[in-house]
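K.L.:
Starting from these lines, generate the structure:
(2 chains)
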2 protein chains.
Amino acid sequence: MSKKLTKRTEDYSKWYNELVVKADLAENSAVRGCMVIKPYGFAIWEKMQAELDRMFKETGHENAYFPLFVPKSLFEAEEKNAEGFAKECAVVTHYRLQNDPDNEGKLRVDPEAKLEEELVVRPTSEAIIWNTYKGWIQSYRDLPLLINQWANVVRWEMRTRLFLRTAEFLWQEGHTAHATRTEAITEAKQMQDVYAEFAENFMAMPVVKGVKSDSERFAGAEDTYTIEALMQDGKALQAGTSHFLGQNFAKAFDVKYTSKEGKQEYVWATSWGVSTRLIGGLIMTHSDDNGLVLPPKLAPIQVVIVPIYKNDEQLDAISEKVNVIVKDLRKKGISVKFDDRDTFRPGAKFAEYELKGVPVRIAIGNRDLENGTLEIARRDTFEKQIVSQVDVVSFIENLLEEIQENLFTKAIDYRKEYTTVVDDFKEFKKAIKKGGFVSAHWDGTEETEDRIKEYTKATIRCIPNDAIEEEGVCVLTGNPSSKRVLFAKAY
Amino acid sequence: MSKKLTKRTEDYSKWYNELVVKADLAENSAVRGCMVIKPYGFAIWEKMQAELDRMFKETGHENAYFPLFVPKSLFEAEEKNAEGFAKECAVVTHYRLQNDPDNEGKLRVDPEAKLEEELVVRPTSEAIIWNTYKGWIQSYRDLPLLINQWANVVRWEMRTRLFLRTAEFLWQEGHTAHATRTEAITEAKQMQDVYAEFAENFMAMPVVKGVKSDSERFAGAEDTYTIEALMQDGKALQAGTSHFLGQNFAKAFDVKYTSKEGKQEYVWATSWGVSTRLIGGLIMTHSDDNGLVLPPKLAPIQVVIVPIYKNDEQLDAISEKVNVIVKDLRKKGISVKFDDRDTFRPGAKFAEYELKGVPVRIAIGNRDLENGTLEIARRDTFEKQIVSQVDVVSFIENLLEEIQENLFTKAIDYRKEYTTVVDDFKEFKKAIKKGGFVSAHWDGTEETEDRIKEYTKATIRCIPNDAIEEEGVCVLTGNPSSKRVLFAKAY
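P.N.:
Numbering: from 1, shown residues only, chains lettered A, B, ... in the order given. Model (predicted):
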């Protein structure tokens, strides 16, 4: 298999698919729409999980685990939830296979083993969790209930793409219950902030924080807070959402608490989630025609060391030096790989780590041993530098920070270049065609939103949190508007 | 709900169920046989995961993720696998619900949305993983392939018990591929050692390492290495298994590699797993009539501090002192909770943490402030001691180690008391009735094994790794035998 990727300018979508497979991140499986996350891709997810989990715990949340299956009737309890999710889903109807009497060596579903009630493989867990919370919440003392779950979920998507949209995916889903409306809204907004901080500080992916329009928000929610990122092809990616659910689920599942004053009240709810889709966002924010580019804070391997040698004697001498460096770097918490495989030449190794987005590559040869030097190459800019071996640890520490910052700055610059403020529909169409975010006035109606989508394929990504009040007119209808919203074509 | 548990001597099984629910570990869900793992129970699982994951990585394994669903035909590929697992399982037959035209507000399965091939919710992942490995393994350079997955699996059990046997459970499953038979056997045995080390050093649960008899081993395996623990009611618990799979899966899924010599060879396989069942084992090894007893290394809260005060002024003075102690303990990596809730009295708090198995409880009142002391109570022995505040950190550090050791020693002693060596069938039946492991000669036939099971409900737990060669005769048939095996009734 050639390691060479299709160029992004040629076919962005093809480039993406090739990169995911060739960089050993994921691949399609024998099951329609379900992916296999390969060890290197999964290591990125583990790094994401570790940081997010820490952030959730620091904000007072605990993890728990709820069943994979949701009885059909629980979906019926919350009508909008059913509208939103319970439709395209995997349904378990039977609980046994048996040897097929008509077909030796084959299995068939045992027709006798039919479930009384069908079970839906969870597309999201509000229904099963709120049905459980009913038993956990009696008094104001039981609130707030701040719970998160790391889990797999299944939505029967017809058109799937690795990481971005798959039938099964991994995610976390927070589900919280509160005594007051204000507290629940504060929680939902806090988690939007946590997601934004994670996206920007760890993924080096700038995001716009905002709220969804009526037609784009989660069906069971009163408000959906979102973080929206801009990909290299000018399309937006919804990277995480946090929902203020009002009392919808509390009412559907009859979850009440006794207040300090002794009154029975319905609780207020939030839910919030990010998924393996973030890996897609990570790829499409930083990578290039040579392959993956990873921000150091999420790179499974931050530094790779490749020895350049002609014989075993040289390799031994190099290894002795490298082992000391590896130890010193690891002491600083830097993850280093010394690739001394003799089955591949240095050039092949360089190409492999470039494709896999390892932020820093160190090459060390015979002459370096003599001079007490190393050659250090950065993945993001391809710059190379000769560095003294004695300075290597502090140099690498600084370099990793610099790369992290540089990736974020580049992404911010790109977003600036591809955010257009427009005031009429002709400009609007031009800006959408160019790609990126388009900031425009909108009259606030779903009808206008739909028509704009029909004409341009662009949707309202969000009403930004930092949108200022200003008088204007809707780009499409000319009706009055008081705030600009952000449009884009989206994944 | 009363916090008081049924006594173990009265009804062990009832005691267990009550403890799991009252100590906030888990509960039954709305889905038959599926449990909800509550935050406190899940925190124990997270601690287990963290240690096991570290041990897996230290032995060279990487994590990955494979699909939840297994197409039915993949089970048919490996006949024994199908025999063993593909029978009692959740089967997805449809991919859509729709509004029921005959029943407003209800959902029904869309009869048009029938899958061409049924999907089985994975009971274990050998089939889907080996179908994937086919694409990953070409050359000896691709071997060994050392992969682990943390996942949920589903087996349609008719009689379920929280943690011990549930339809859905959480586990890890390692799946490795090797160039040689010897290497695969070494791997399978290594993972048995890893499991034993984890069980003994972290869970403080002694285990016997051994190999399963033909009838007790995993259907697709050539050998199943097991760790067997003894519960307080005299029944054995299979706590983890590691399988040497030979070339069964390689042949079923046609996974070959080109050797250094250029020959095409089938690879050799292992798989190994432990599950949330371990939490059941943990409970039934250490806990008592007052509730859970946790070994410090797996306790989510190692130390709880309860203030004893009469007014806010006293609480403030105590809190000031406690905050310093909490900080000092945390610096040493000890997890501490300061429970200053004013909604519960100290006595209620004491009972709660006893029920939840927190290893060490510190009480601090006004007189302690005056004397510079604390009252420290251990959960395992109920011993209390007055300790000087200045010594508290080192005292607690030592105490946690001592508790960890004490639990292990007690469990070892119990196992010694309940391991009986017998040489005839009358003694055998008596020993099985008493409970515990029974070490006896067996003629090596499945028929004898079955008859013993029929007469006594005892099964062969394993042929211990350290069994010595000795001449003897089978307790049932009198036929010659060269090794003792371990019998017990089992979970």
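K.L.:
Secondary structure class of the closest residue to chain B within the stretch 251-400 of chain A, three-state.
P.N.:
Taking C-beta to the nearest C-beta, chain B has its nearest neighbour within the stretch 251-400 of chain A at residue A:343, 5.7 Å off. Using the backbone N, CA and C atoms, a C-beta is placed for each residue, glycine as well. Three-state assignment for residue A:343 (DSSP: H, G, I helix; E, B strand; the rest coil): coil.
K.L.:
doesn't residue B:141 make contact with it?
P.N.:
Yes: applying C-beta atoms under 8 Å, one finds residue A:343 in contact with residue B:141, separated by 5.7 Å.
K.L.:
So if I had to pick from the two, which one is more boxed in?
P.N.:
The residue with more neighbours, out of residue A:343 and residue B:141, is residue B:141; 12 against 8, by other C-beta atoms under 10 Å in any protein chain shown.
K.L.:
Contact partners for that one?
P.N.:
By C-beta atoms under 8 Å, 6 or more residues apart in numbering or on different chains, the residues touching residue B:141 are residue A:343.
K.L.:
Got the phi and psi for it?
P.N.:
phi -70, psi -20 (degrees, to the nearest 10).
K.L.:
Next: residue A:345.
P.N.:
The phi/psi pair for residue A:345 (degrees, to the nearest 10) is phi -80, psi 160.
K.L.:
Which pLDDT value goes with it?
P.N.:
Per-residue pLDDT puts residue A:345 at 95.
K.L.:
Just give me the neighbour total for it.
P.N.:
Here the number of neighbours of residue A:345 (other C-beta under 10 Å) works out to 12.
K.L.:
State the distance from it to residue A:308.
P.N.:
Computed with C-beta to C-beta, to the nearest Å, the distance linking residue A:345 and residue A:308 is 10 Å.
K.L.:
repeat for residue A:122
P.N.:
From residue A:122 to residue A:308 the distance is 52 Å (C-beta to C-beta).
K.L.:
Show me which positions of the longest helix along chain A end up buried.
P.N.:
For chain A, the longest helix by residue count, based on DSSP state H, is helix A:392-417. For helix A:392-417, the neighbour count (16 or more other C-beta atoms under 10 Å in any protein chain shown) marks A:392, A:395-396, A:399-400, A:403-404, A:406-408, A:410-411, A:414-415 as buried.
K.L.:
Confirm for me that residue A:134 is in contact with residue A:255.
P.N.:
Yes: shown here, residue A:134 and residue A:255 form a contact pair, counting by C-beta under 8 Å, at 5.0 Å.
K.L.:
quick one, which of the two is more surrounded?
P.N.:
residue A:255 (23 against 15).
K.L.:
what pLDDT does the more buried one get?
P.N.:
98.
K.L.:
how about the residues of the stretch 301-450 of chain A that lie near chain B?
P.N.:
Within the stretch 301-450 of chain A, the positions near chain B by C-beta under 8 Å from any C-beta of the partner chain are residue A:343.
K.L.:
C-terminal to the helix or strand harbouring residue A:241, what's the next element?
P.N.:
Assigned by DSSP states H and E, residue A:241 belongs to strand A:236-246. Per DSSP H and E, the first helix or strand lying C-terminal to strand A:236-246 is helix A:248-252.
K.L.:
which strands and helices sit next to that next one?
P.N.:
helix A:79-85, helix A:126-136, strand A:268-275 (3 or more C-beta pairs under 8 Å, 6 or more residues apart in numbering or on different chains; DSSP states H and E).
K.L.:
Going by mean pLDDT, which of the ones you listed comes out lowest?
P.N.:
helix A:79-85 - the lowest mean pLDDT of these, at a mean of 65.
K.L.:
Can you say which of the helices and strands packed on helix A:248-252 is nearest to residue B:335?
P.N.:
Across those, residue B:335 has its closest neighbour in helix A:126-136 (23.3 Å, C-beta to C-beta).
K.L.:
For whichever helix or strand comes after the closest one, enumerate the helices and strands it packs against.
P.N.:
Sequence-wise, the next helix or strand downstream of helix A:126-136 (DSSP H and E) is strand A:145-154. Secondary-structure packing of strand A:145-154 (3+ C-beta pairs under 8 Å, 6+ apart): helix A:39-58, strand A:62-63, helix A:126-136, strand A:168-178, strand B:145-154.
K.L.:
Could I get the average pLDDT for strand A:145-154?
P.N.:
Per-residue scores along strand A:145-154 average to 98.
K.L.:
okay, the angle between that strand and helix A:126-136?
P.N.:
150 degrees (axes from the mean of the first three to the mean of the last three C-alpha atoms, to 10 degrees).
K.L.:
okay, now the domains of chain A?
P.N.:
As recorded under automatic domain parsing, the domains making up chain A are A:12-286, A:301-399, A:419-488.
K.L.:
so which of those comes closest to residue B:456?
P.N.:
Nearest to residue B:456 among those is domain A:12-286 (30.5 Å), distances taken as C-beta to C-beta.
K.L.:
got the contact list for the helix or strand hosting residue A:182?
P.N.:
Counting by DSSP H and E, the element that carries residue A:182 is helix A:181-201. For helix A:181-201, contacts defined as C-beta under 8 Å, 6+ apart pick out A:48, A:51-52, A:55-56, A:59, A:144, A:146, A:174, A:176, A:178, A:205-207, A:209, A:223, A:225-227, A:229, A:239-240, A:242-246, A:268-270, A:272, A:274, A:278, A:281, A:297, A:408.
K.L.:
Check the average confidence over that helix, would you?
P.N.:
Average pLDDT, helix A:181-201: 98.
K.L.:
Kindly export the helix or strand just after it (C-alpha atoms) in CSV.
P.N.:
Beyond helix A:181-201 on the C-terminal side, the first helix or strand identified by DSSP H and E is strand A:208-211. The C-alpha trace of strand A:208-211 is given here as CSV (Å, rounded to 0.1, in the frame of the first residue of the first chain):
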residue,chain,number,x,y,z
VAL,A,208,-17.0,29.3,18.7
LYS,A,209,-19.2,29.0,21.7
GLY,A,210,-22.9,29.6,21.0
VAL,A,211,-26.4,28.4,21.3
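K.L.:
Which elements pack onto strand A:208-211?
P.N.:
With contacts taken as 3+ C-beta pairs under 8 Å, 6+ apart, strand A:208-211 sits against helix A:181-201, strand A:223-230, strand A:459-464.
K.L.:
try it again with 6 Å
P.N.:
strand A:223-230, strand A:459-464 (3 or more C-beta pairs under 6 Å, 6 or more residues apart in numbering or on different chains; DSSP states H and E).
K.L.:
Which residues does the helix or strand immediately after the last one in the chain contact?
P.N.:
Toward the C-terminus, strand A:459-464 is succeeded by strand A:472-473 as the next helix or strand (DSSP H and E). Among residues not part of strand A:472-473, those counted as contacts by C-beta atoms under 6 Å, 6 or more residues apart in numbering or on different chains are A:441, A:481.
K.L.:
And the average pLDDT for strand A:472-473 is what?
P.N.:
96.
K.L.:
hang on, the earlier thing: point out the other elements, helices or strands, that the longest helix of chain A touches.
P.N.:
Based on contacts counted as 3+ C-beta pairs under 6 Å, 6+ apart, there is no element that helix A:392-417 packs against.
K.L.:
and the residue lying closest to residue A:207 once chain neighbours are set aside, what does it touch?
P.N.:
Spatial nearest neighbour of residue A:207, chain neighbours left out: residue A:227 (4.0 Å); criterion: C-beta to C-beta, 6 or more residues apart in numbering or on different chains. Contact analysis of residue A:227 by C-beta under 6 Å, 6+ apart lists A:195, A:196, A:199, A:207, A:209, A:239, A:240.
K.L.:
Residue A:412 now?
P.N.:
If you count contacts by C-beta under 6 Å, 6+ apart, then residue A:412 has residue A:206 around it.
K.L.:
Can you list the residue ranges for helices in the stretch 251-400 of chain A?
P.N.:
A:277-286, A:312-331, A:346-355, A:366-371, A:392-417 (DSSP state H, counting those that start in this stretch).
K.L.:
Kind regards, and thank you for your time.
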